[in-house]
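Enquirer: Generate a structure from the sequence data that follows.
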Amino acid sequence: MRGVDWTRKIFLKKARLSYNHGHFRRAYYFSRFSHFLFGGKESLDIKARSLMRLKKFKSATKSFRRANRLGFNLMDHSKNHFRAELE
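Expert: Sure thing, here's the model as predicted:
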């Protein structure tokens with residue numbers, strides 16, 4: 001169990017650092033992989049925001065809809081979801 005938690009933290013840390021440094025494609029990669037393996041709100045949030053920065057609005061909309069289905073409220077969820085739908 002400890003190894004799984006450690007791996008999840010490493011992927012999220014790399015995704016956060018990449019996003020904060022402006023490497024959105026790399027942030028998307030790590031967050032997508034983390035969400036696929038472990039699920040979770042934070043990885044889905046980074047994934048959706050990275051897709052918006054990469055101008056992939058259709059995929060970002062799918063991520064926001066998935067968050068709604070899972071019951072997650074992401075950072076600036078309503079505003080970003082509306083923007084993704086609009087674009």
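Enquirer: Off-centre distance for the helix or strand containing Arg69?
Expert: Assigned by DSSP states H and E, Arg69 belongs to helix 57-70. Offset of helix 57-70 from its chain centre (Cα atoms, centre = their mean, to the nearest Å): 10 Å.
Enquirer: now swap in stretch 76-87 and tell me
Expert: Worked out by Cα atoms, centre = their mean, stretch 76-87 lies 14 Å from the chain centre.
Enquirer: And the contacts of the lengthiest helix in the chain?
Expert: Longest helix in the chain by number of residues (criterion: DSSP state H): helix 2-20. The list of residues contacting helix 2-20 from outside it, by Cβ atoms under 8 Å, 6 or more residues apart in numbering, reads 24, 26-27, 30-31, 33-34, 37-38, 40, 42-43, 46, 49-50. (Glycine included, C-beta is placed from N, CA and C.)
Enquirer: rerun at 7 Å
Expert: Contact with helix 2-20 is made by 26-27, 30-31, 33-34, 38, 42-43, 46, 50, as judged by Cβ atoms under 7 Å, 6 or more residues apart in numbering.
Enquirer: Show me the shaky parts of this protein.
Expert: 1 (pLDDT under 70).
Enquirer: Helix or strand: which one has the residue most central in space within the chain?
Expert: With distances taken as Cα atoms, centre = their mean, the residue of the chain nearest its centroid is Lys47 (2.1 Å). Element membership for Lys47 (DSSP H and E) is helix 41-53.
Enquirer: rewinding a little: identify the residue nearest the residue nearest to the centre of the chain in space, chain neighbours excluded?
Expert: Distances taken as Cβ to Cβ, 6 or more residues apart in numbering put Ser31 closest to Lys47, at 4.1 Å, once the chain neighbours are dropped.
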